[in-house]
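A.B. asks: build me a model from this:
(one chain, ligands or ions: 4)
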Amino acid sequence: MNKAQRDMIFSQATKWIYEAGEQIRQQIHNPLTIDTKSNANDLVTEMDRSTEAFLANNIKSTFTDHFILSEEGYGDQLDSMNGIVWIIDPIDGTMNFVHQKRNFAISIGIFNNGIGEIGLIYNVMEDVLYSAKRGEGAYKNNKKLPQLHRDILFEEAIVSMNHFWLCENRLVDEKWMQKLVKDVRGSRTYGSAALEFAFVAEGIIDSYLTLSLSPWDYAAGMVIISEVGGVTTTIDGDTLDMLSKTSVASGNPLIQEKIIANYIKKARK
Ligand code: 2AM
Ligand code: CA
Ligand code: CA
Ligand code: CA
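C.D. replies: Residues are numbered from 1 along each chain as shown. Ligands and ions are numbered 1, 2, ... in the order given. Predicted structure coming up:
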């Protein structure tokens, strides 16, 4: 993908993400139809579906040869990352959307033959867009984000992870994760993976760990984080597979590498 093509796709994607966000803000206080998916706490609303349909319809009518990988069923069934693929989460943080009416995001990652070219994460209620184009740095609205600090101390790091890491779980011995929480300066959990990746890129948290995410949860985030010198891998340090569910460890490389080597490797089941 050359720069002109990337710029053109970026400006279309940005326009649509702002329009979708405006629609959500206009309807945020309307009554919601809430359904559940894999379990009683795995929520989906009409707004998740209509936002994805809006984005998918625009993409399909403008870029007839592009593919879509998305959460709510308006995308394609893909078995490879060949060609240009839009990886979309229409509302990331649906539980926050339902219960808090804030702290959720629209997430779009655009890949060409498996390479992340564009990342967009839109914090809808705060009207803040995190964006990146490959090789051109990352932005929070119009402000360029600096490279992540190379001199951060482990004991001064803030790590974001949900509390299931500290409960008995299938991937790691929770005792090691409890030690991690005590060894770092602080821990956080925000309930929107996309925003947590954006906060890593912004440098306001130093690592984000998750037991299981789908490609639409991390596609945009990994492109944006990479542009500020951050890393995104599985919790074993392996490259992420863009077509299936995976654990994720992202962050400032100095912190992420120590978390994997000194905690997760020892805790791994
Ligand atoms: P979602 O809101 O788009 O579903 C916190 O729950 C974070 O984990 C959110 O980013 C959420 O994305 C994501 N997540 C991934 N799989 C989930 C699941 N099965 N149930 C709830 N949240 C899930
Ligand atoms: Ca969901
Ligand atoms: Ca999600
Ligand atoms: Ca979602």
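
A.B. asks: can we go C-alpha only for contacts and neighbour counts from here?
C.D. replies: Noted.

A.B. asks: which residues in the stretch 101-250 of the chain form helices?
C.D. replies: Per DSSP state H, counting those that start in this stretch, the stretch 101-250 of the chain carries helices over the ranges 174-183, 193-202, 215-226.

A.B. asks: possible to save those helices as CSV with mean neighbour count and distance to ligand 3?
C.D. replies: Converted to CSV, the helices of the stretch 101-250 of the chain look like this (neighbours: other Cα atoms under 10 Å; distance: least, Cα to the ion, whole Å):
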stretch, mean neighbour count, distance to ligand 3
helix 174-183, 16, 23
helix 193-202, 27, 6
helix 215-226, 28, 4
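
A.B. asks: how about TSV for the ones you listed, with distance to residue 266 and mean pLDDT added?
C.D. replies: Shown next, in TSV, are those (distance: least, Cα to Cα, whole Å; pLDDT from 0 to 100):
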stretch	distance to residue 266	mean pLDDT
helix 174-183	7	98
helix 193-202	24	98
helix 215-226	25	98
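
A.B. asks: out of the ones you listed, flag the one nearest residue 237.
C.D. replies: Closest of these to residue 237 is helix 215-226, at 13.9 Å (criterion: Cα to Cα).

A.B. asks: that closest one versus helix 193-202: what angle between them?
C.D. replies: Calculated by axes from the mean of the first three to the mean of the last three Cα atoms, to 10 degrees, helix 215-226 forms an angle of 10 degrees with helix 193-202.

A.B. asks: just give me how far helix 215-226 sits from the chain centre.
C.D. replies: 5 Å (Cα atoms, centre = their mean, to the nearest Å).

A.B. asks: and for it, what's in contact with it?
C.D. replies: 69-71, 87-89, 92, 107-110, 116-121, 130-134, 137-138, 193-194, 197-198, 200-201, 231-232, 241-245, 251 (Cα atoms under 8 Å, 6 or more residues apart in numbering).

A.B. asks: buried subset of the residues you listed?
C.D. replies: When these are checked for burial by 16 or more other Cα atoms under 10 Å, the buried set is 69-71, 87-89, 92, 107-110, 116-121, 130-134, 137-138, 193-194, 197-198, 200-201, 231-232, 242, 251.

A.B. asks: and these near ligand 4, which?
C.D. replies: Residues of the buried ones among the contacts of helix 215-226 in contact with ligand 4 (Cα under 5 Å from the ion): 89, 92.

A.B. asks: helix or strand right after the longest helix along the chain?
C.D. replies: Longest among the helix segments of the chain by residue count, using DSSP state H, is helix 3-27. Following helix 3-27 in sequence order, the next helix or strand is strand 34-36 (DSSP states H and E).
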